[in-house]
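Engineer: A predicted structure for the sequence below; I have some questions about it.
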Amino acid sequence: MDMGLTDLFDKISTINLNFTILDAIDILLVAAAIYGLLKLTQKTRASQVLKGLGIFIILTQLCKIIGLSAMSWALNILIEAGVIIIVIIFQPEIRRALEHVGRNKLFRMVGTGEVKDYSREIEEIERAVLDMSKHKVGALIVFENRTGLNDVIESGHIVDARITSELLENIFFHNAPLHDGAMIIKGDRIVAAGCFLPLSDNRNLSSELGTRHRAALGISEVSDARILVVSEENGVISLAHEGTLTRYLDIKSLHETLETIYNVRGRSSKRIGGKAWSKNG
């Protein structure tokens with residue numbers, strides 16, 4: 001037993017003697033990567049599995065240092081199989097995490113600096129949304145941002161039209177052919193309507209929220225789009241963004257939302273007034 005401890009201490013001493021600045025940088029980079037991965041998957045099922053996998057990795061390394069070859073071999077097999085299982089089971093969470101990384105400010109392309117005046121579009125959308133809210137006409141409007149929504153656009157009907165309040169209201173008018181689907185807006189154009197959106201699997205949502213709100217949350221969880229929802233039941237205006245649903249938008253908060261969408265004031269996005277329903281209820 002004493003010989004075993006002596007060998008272990010000798011190995012640790014050898015590691016310390018060979019420790020360099022590059023080793024320190026290497027450890028810091030791995031730690032940062034692990035922290036980032038845990039942060040991206042926090043509050044999801046994948047986070048607990050990743051923590052369990054981390055414990056197995058630590059045990060494997062300890063077994064190698066101590067010299068438990070058979071135990072180390074068995075743990076290595078479990079880790080290799082576990083990685084494949086995680087990729088299969090948690091594919092949606094992994095995809096969302098990678099999309100989040102891709103939307104990071106560090107990876108954004110520098111624009112041309114050209115600023116376009118969207119005041120007319122804001123006014124038209126605002127007028128249509130308030131009118132639909134007043135008459136309790138259900139609406140689901142998706143504003144595409146950096147994340148492309150071509151797969152969603154292809155599920156509906158191409159419109160490619162100039163934004164006007166009359167067109168918005170006609171598309172969502174009750175019993176109109178495209179009123180049940182989502183409208184996709186990009187810049188100053190209505191790209192498509194009657195589109196299908198992925199539904200959120202959040203079980204903590206209020207039972208009073210219907211398919212439109214669940215669809216709005218669903219697309220906001222997998223993209224950086226902002227989505228306006230008008231309830232057909234009570235005319236309440238809501239905003240979905242990054243998996244959070246903010247309800248009861250008034251005229252002021254609706255206007256601020258549209259200004260943020262079109263970056264009129266050049267400010268960073270932030271949550272605005274109203275009652276928020278987050279991913280956790």
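Structural biologist: Structure received. Numbering: from 1, shown residues only.
Engineer: please name the nearest non-neighbouring residue to the most centrally placed residue in the chain.
Structural biologist: The residue lying closest to the centre of the chain (C-alpha atoms, centre = their mean) is E221, at 3.8 Å. Leaving out its chain neighbours, the residue that sits closest to E221 by C-beta to C-beta, 6 or more residues apart in numbering is G243, at 4.5 Å. No exception for glycine: its C-beta is placed from N, CA and C like everyone else's.
Engineer: any idea how many residues pack against that neighbour?
Structural biologist: By other C-beta atoms under 10 Å, 18 other residues sit near G243.
Engineer: is it correct that it is in contact with S220?
Structural biologist: Yes - at 5.7 Å, G243 counts as touching S220 under the criterion of C-beta atoms under 8 Å.
Engineer: quick check, L258 in a helix?
Structural biologist: Yes - judged by DSSP: H, G, I helix; E, B strand; the rest coil, L258 forms part of a helix.
Engineer: report pLDDT for it.
Structural biologist: Looking at L258, its pLDDT reads 96.
Engineer: and it, what is it in contact with?
Structural biologist: Listed by C-beta atoms under 8 Å, 6 or more residues apart in numbering, the contact set of L258 reads I122, I125, E126, V264.
Engineer: out of these, which is nearest to D180?
Structural biologist: The shortest gap between D180 and any of those belongs to I125, at 19.7 Å (C-beta to C-beta).
Engineer: confirm that the closest one sits in a helix.
Structural biologist: Yes - counting by three-state DSSP, I125 is found in a helix.
Engineer: and it, what pLDDT?
Structural biologist: pLDDT, I125: 97.
Engineer: what's the neighbour count on it?
Structural biologist: By other C-beta under 10 Å, the residues close to I125 number 26.
Engineer: these two touch, right, it and I141?
Structural biologist: Yes - at 7.4 Å, I125 counts as touching I141 under the criterion of C-beta under 8 Å.
Engineer: could I get the full set of helices for the stretch 51-200 of the chain?
Structural biologist: Using DSSP state H, counting those that start in this stretch, the helices of the stretch 51-200 of the chain run over 69-89, 91-102, 119-134, 150-153, 165-172.
Engineer: nearest to E233, out of these?
Structural biologist: Nearest of the helices of the stretch 51-200 of the chain to E233, taken as C-beta to C-beta: helix 119-134 at 11.6 Å.
Engineer: output the strand or helix carrying R212 as CSV, restricted to C-alpha atoms.
Structural biologist: Remark: R212 resides in helix 211-221, with elements defined by DSSP states H and E. The C-alpha coordinates for helix 211-221 follow below in CSV (Å, rounded to 0.1, in the frame of the first residue of the first chain):
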residue,chain,number,x,y,z
THR,A,211,-51.3,27.0,-30.5
ARG,A,212,-50.3,30.5,-31.8
HIS,A,213,-48.4,31.3,-28.6
ARG,A,214,-46.8,27.9,-28.4
ALA,A,215,-45.7,28.2,-32.1
ALA,A,216,-44.3,31.7,-31.4
LEU,A,217,-42.3,30.4,-28.5
GLY,A,218,-41.2,27.3,-30.5
ILE,A,219,-39.6,29.4,-33.3
SER,A,220,-38.1,31.8,-30.8
GLU,A,221,-36.3,28.9,-29.1
